[in-house]
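# Generate a structure from the sequence data that follows.
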Amino acid sequence: MAEKWIQGAIKKPGALREKMGAKEGENIPKGKLAAKESQLRKEAAGDKTLSSAKRTLLKQIVLARTLNKMGK
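Numbering: from 1, shown residues only. As a prediction, this is how the structure comes out:
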C-alpha cells in the first residue's frame, strides 16, 4: 500500500489522456506532451494569464512528465 500512494492521490486518472486524444492503454508521446506544454507556456508568457482549463491542463502535463521521471 505504501508503495502505490501516488495512484490514490491522483483524483481523475485518465483525464490527461482524454484531453490529449490518446486511446486507453496507449502511451501519450513525450514529444506531444512537450509541444503542448511549450504552447501553453508561450500563451502564458508575460502578463497574460491562462484560463482555468488551460492552467489545469498545464499542471497535468507537468505532473505526467514528473511521474514519468520517477519511474526510472
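
# Which strand or helix spans the residue nearest the centre of the chain?
By Cα atoms, centre = their mean, the mean C-alpha position of the chain lies nearest to Ile61, the distance being 1.9 Å. When secondary structure is defined by DSSP states H and E, Ile61 falls within helix 52-70.

# repeat for Gly25
Secondary-structure assignment from DSSP H and E places Gly25 in no helical or strand segment.

# What distance do you get for it to Asn68?
As defined by Cβ to Cβ, to the nearest Å, Gly25 lies at a distance of 17 Å from Asn68. C-beta: built from backbone N, CA, C; applies to glycine.

# my guess is Val62 meets Glu37, correct?
Yes. With contacts defined as Cβ atoms under 8 Å, Val62 counts as touching Glu37 at a distance of 7.1 Å.

# The two - which one has more neighbours?
Neighbours per residue, other Cβ atoms under 10 Å: of Val62 and Glu37, the larger number sits with Glu37, 16 against 13.

# Let's see the pLDDT reported for that one.
According to the predicted model, the pLDDT of Glu37 comes to 95.

# on contacts alone, who are the packing partners of the host helix or strand of it?
Assessed by DSSP H and E, Glu37 sits inside helix 30-43. Helix 30-43 sits against helix 15-20, helix 52-70, with contacts defined as 3 or more Cβ pairs under 8 Å, 6 or more residues apart in numbering; DSSP states H and E.

# For the first one, buried residues please.
Right, the one you point to is helix 15-20. Judged by neighbour count (16 or more other Cβ atoms under 10 Å), helix 15-20 contains these buried residues: 16-17, 20.

# Next: the longest one.
For helix 52-70, burial by neighbour count (16+ other Cβ under 10 Å) applies to 57-58, 60-61, 64.

# And the residues you listed, which is closest to Leu33?
Of all the buried residues of helix 52-70, the one with the least separation from Leu33 (Cβ to Cβ) is Ile61, at 5.4 Å.
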